[in-house]
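Undergrad: I'd like to go over a predicted model; first the sequence, then the structure.
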Amino acid sequence: MGKKNDKIRVRFVGHASHEVTGSCVHIQTETKQILLECGLAQSCESPLALYKKNAADMGFKPRQIDYIFIGHSHADHISLIPRLFKKGSSACVIAPAGTATISKILLKDSAHIAAKDAEFIEKRTGKFCEPLYDDSDVENTMAHWTEYDFGVIHELDENISFRFTPSGHILNSAQIEIFIKQNGLVKKIAYTSDLGNTTTKNYYVNEFKPIEQCNLLIGETTYSDPIRTIGKKDRAKDLEKIKSIIQNKVVEGYGRVLFPVFANARCQMILSLLHEIFGNDETFNVPILIDSPMAVAISKAYLDLLDGDEREKYQQALFWKNVKCIEDYSDSKSWQLSGTPCVILASSGMMQAGRSTSWAARLLPNAQNHIMFCGFSTEGSLAAKIKEGKHKTLRIDGKPVANRCGITSLNSFSSHAQFESLLHYYSSVNCEKIALVHGDYDSKVEFSKILEGEISKNNKTSRVVCVNRTTEILL
């Protein structure tokens with residue numbers, strides 16, 4: 001065997017190597033091929049451009065993959081896995097306990113979107129476009145899905161073991177520690193997946209626990225920009241904004257307030273906070289609409305995934321008399337046309353698709369209405385354009401819409417670790433190399449320089465690597 005083939009090869013084959021979304025890391029040992037996640041690239045590019053990105057060859061053969069590890073149930077981390085099964089994979093999907101139900105909901109929705117995108121591309125190009133995958137591929141994926149408990153080292157075979165460690169990002173989200181025995185030595189690769197924001201209180205997440213030692217740490221850098229700082233005071237301010245705006249705009253002004261939310265985690269978080277603020281006020285009769293089939297399904301699934309005090313707290317919020325779960329689009333349309341004062345939780349959070357977009361078309365022309373953003377909005381998305389406040393008119397579904405309603409950005413609801421937390425964590429890990437992924441490339445480069453300085457202050461010698469699609473690390 002050649003010297004290079006005698007090593008463990010780590011390649012960063014997903015778009016998250018140089019962008020924010022599209023997680024996928026390929027690990028090759030003497031006998032096995034492993035993926036750390038396999039997620040969709042997501043952006044405001046055209047459906048055709050995104051299709052080409054997600055349908056492109058990733059530099060490995062799906063049939064040869066033995067294990068696919070996932071950290072949590074978000075589309076940019078898991079929603080290309082069914083495509084691997086469509087192309088012949090029979091890998092074991094290894095997931096943290098409590099992730100199967102929500103993952104299946106999310107993957108079914110992704111298959112539905114893939115079908116619609118393929119149909120749209122066919123109409124635009126006049127050429128046949130095969131969907132990335134369909135429901136049967138999702139079912140095949142779930143048939144290979146196996147869940148494992150946190151905090152325990154599980155042995156897959158004589159050479160590969162692993163452990164899930166809480167990441168604090170969303171419900172049942174994990175960091176992944178893989179122990180690989182090769183040539184009589186054990187090498188440990190740690191992958192953060194997405195890390196939670198520890199500076200503010202987020203509900204229904206496993207408490208973050210740091211990984212202390214490894215040979216290679218693969219770390220996310222989504223919010224590694226030092227200008228992003230969020231603290232407990234920001235959360236208190238945001239809660240006051242929510243209370244006052246709903247009181248002024250809806251209760252007293254008979255307007256409507258929209259929260260564009262992500263169906264998984266953010267919707268359930270905002271619902272719980274609304275119940276905390278208004279749930280004990282018997283005079284508060286404003287309807288709270290969960291207007292998204294996927295958000296409704298995930299919200300119901302939470303009841304089976306939570307226990308103890310958290311389940312009781314969540315159950316009170318979900319079964320609050322004010323809450324209306326809207327699944328059929330005809331019901332959503334009726335609410336939109338009715339003009340009834342209400343608070344709406346609708347996806348998607350970036351307003352690129354889904355019912356938040358149709359709600360925006362109804363609400364934007366009226367200054368008495370309000371949109372409260374509580375998450376990241378990628379550049380070029382409808383949410384980003386509304387936030388900018390520069391456009392008197394916006395185009396939604398090809399039609400001009402006057403932009404007059406109130407806008408508030410709530411900055412304390414990020415579910416990602418912030419700059420200071422990332423810097424402290426990564427500089428404290430005893431490791432040989434730190435590979436930075438999942439972030440804007442320029443911000444990642446700047447963060448790497450600051451991180452190297454912090455590592456030096458701590459008298460450590462870890463090497464920091466800003467990876468791209470051509471990066472290969474040998475262990």
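TA: Structure's in. What do you need? Numbers count the residues shown, from 1 in each chain.
Undergrad: could you list the low-pLDDT ranges of the stretch 101-250 of the chain?
TA: Along the stretch 101-250 of the chain, the parts satisfying pLDDT under 70 run over 228.
Undergrad: report the buried residues of the lengthiest helix in the chain.
TA: In the chain, taking DSSP state H as the definition, the longest helix is helix 100-125. Neighbour counts over helix 100-125 (16 or more other Cβ atoms under 10 Å) mark 100-114, 117-118, 121 as buried. All C-beta spots, glycine's among them, are computed from the backbone N, C-alpha and C.
Undergrad: what packs against that helix?
TA: Counting contacts by 3 or more Cβ pairs under 8 Å, 6 or more residues apart in numbering; DSSP states H and E, helix 100-125 packs against helix 47-55, helix 75-78, helix 81-86, helix 135-143, strand 145-148, helix 293-305.
Undergrad: longest single strand anywhere in the chain?
TA: In the chain, with assignment by DSSP state E, the single longest strand is strand 174-182.
Undergrad: distance of the spatially most central residue of the chain from residue 166?
TA: The chain has residue 74 as the residue nearest its centroid, 4.2 Å off, counting by Cα atoms, centre = their mean. Distance, residue 74 to residue 166, using Cβ to Cβ, to the nearest Å: 16 Å.
Undergrad: what's around residue 28, how many residues?
TA: 17 (other Cβ atoms under 10 Å).
Undergrad: with residue 332 instead?
TA: 20.
Undergrad: do the same with the one 3 residues further on
TA: Residue 335 has 20 neighbours, counted by other Cβ under 10 Å.
Undergrad: next one: the one 5 residues further on
TA: Each residue near residue 340 was counted by other Cβ under 10 Å, and the total is 13.
Undergrad: how about the one 10 residues further on?
TA: Per other Cβ under 10 Å, the neighbour tally for residue 350 reads 24.
Undergrad: state the distance from the closest residue to it other than its chain neighbours to residue 135.
TA: Setting aside the residues directly before and after it, residue 350 is nearest to residue 381 in space (Cβ to Cβ, 6 or more residues apart in numbering), at 4.3 Å. Distance of residue 381 to residue 135, computed by Cβ to Cβ: 28 Å.
Undergrad: more neighbours: which of the two?
TA: residue 381 (19 against 13).
Undergrad: tell me how far the more buried one lies from residue 332.
TA: Noted for residue 381: a distance of 21 Å to residue 332, by Cβ to Cβ.
Undergrad: rewinding a little: identify the residues contacting the residue nearest to residue 350.
TA: 44, 350-352 (Cβ atoms under 8 Å, 6 or more residues apart in numbering).
Undergrad: between all of these, which two are separated the most?
TA: Greatest spatial distance in those: 44 and 351, 10.7 Å, computed using Cβ to Cβ.
Undergrad: quick one: which of the two has more around it?
TA: Just comparing residue 44 and residue 351: by other Cβ under 10 Å the higher neighbour count belongs to residue 351, 27 against 16.
Undergrad: and that one, how far is that from residue 394?
TA: To residue 394, residue 351 is 10 Å away according to Cβ to Cβ.
Undergrad: what about the helices in the stretch 351-475 of the chain?
TA: 355-363, 382-388, 419-428, 441-457 (DSSP state H, counting those that start in this stretch).
Undergrad: out of those, which one sits most buried?
TA: The highest mean neighbour count among those, using mean count of other Cβ atoms under 10 Å, belongs to helix 355-363: a mean of 22.
Undergrad: contacts only, for residue 429.
TA: So residue 429 contacts 190, 210-214, 217, 462 (Cβ under 8 Å, 6+ apart).
Undergrad: in JSON lines, list those along with neighbour count, distance to residue 345 and secondary structure.
TA: Below are those laid out as JSON lines (neighbours: other Cβ atoms under 10 Å; distance: Cβ to Cβ, whole Å; DSSP: H, G, I helix; E, B strand; the rest coil):
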{"residue": "190", "neighbour count": "22", "distance to residue 345": "35", "secondary structure": "strand"}
{"residue": "210", "neighbour count": "14", "distance to residue 345": "33", "secondary structure": "coil"}
{"residue": "211", "neighbour count": "22", "distance to residue 345": "34", "secondary structure": "coil"}
{"residue": "212", "neighbour count": "10", "distance to residue 345": "39", "secondary structure": "coil"}
{"residue": "213", "neighbour count": "11", "distance to residue 345": "41", "secondary structure": "strand"}
{"residue": "214", "neighbour count": "21", "distance to residue 345": "39", "secondary structure": "coil"}
{"residue": "217", "neighbour count": "26", "distance to residue 345": "36", "secondary structure": "strand"}
{"residue": "462", "neighbour count": "20", "distance to residue 345": "42", "secondary structure": "coil"}
